[in-house]
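Undergrad: return a 3D structure for these sequence lines:
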Amino acid sequence: MQKVVMYCTETCPFCRNAEKLLAKKGVEVEKIHVDVDTALWHEMEKKTGRDTVPQIFIGDKHIGGFDDLSELEMMDELDELLKA
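TA: Model prediction:
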């Protein structure tokens, strides 16, 4: 199973929803809390070109946010990405 990394904040409902969806798939998520260190927020922005959370990586591939993750699930593509 691919490593999953998620840039997130403690209070973000979209972050919690992404974590729940991935947990349903049996995936443990490495969370990087950008709300505790602005350097991490800037790192996220530089890597993704986005300034919203969550920002999710499956392996080396940037997936995007919760909406992007949900779309992959609806299109039955998420499981394949997680296995790759």
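Undergrad: residues in contact with I32?
TA: 5-8, 40, 44 (Cβ atoms under 8 Å, 6 or more residues apart in numbering). All C-beta spots, glycine's among them, are computed from the backbone N, C-alpha and C.
Undergrad: ok, so of these, who is nearest A84?
TA: Nearest to A84 among the contacts of I32 is V5, at 15.2 Å by Cβ to Cβ.
Undergrad: mind pulling up the pLDDT for the closest one?
TA: In this model, V5 is scored at 98, pLDDT.
Undergrad: let's verify the residue nearest the centre of the chain: helix, strand, or coil?
TA: Using Cα atoms, centre = their mean, the residue of the chain that lies closest to the mean C-alpha position is I56, 2.2 Å off. Following DSSP: H, G, I helix; E, B strand; the rest coil, the label given to I56 is strand.
Undergrad: pLDDT at it, what is it?
TA: If you check I56, the pLDDT there is 98.
Undergrad: just the contacts of I32: which are in strands?
TA: 5-8 (DSSP state E).
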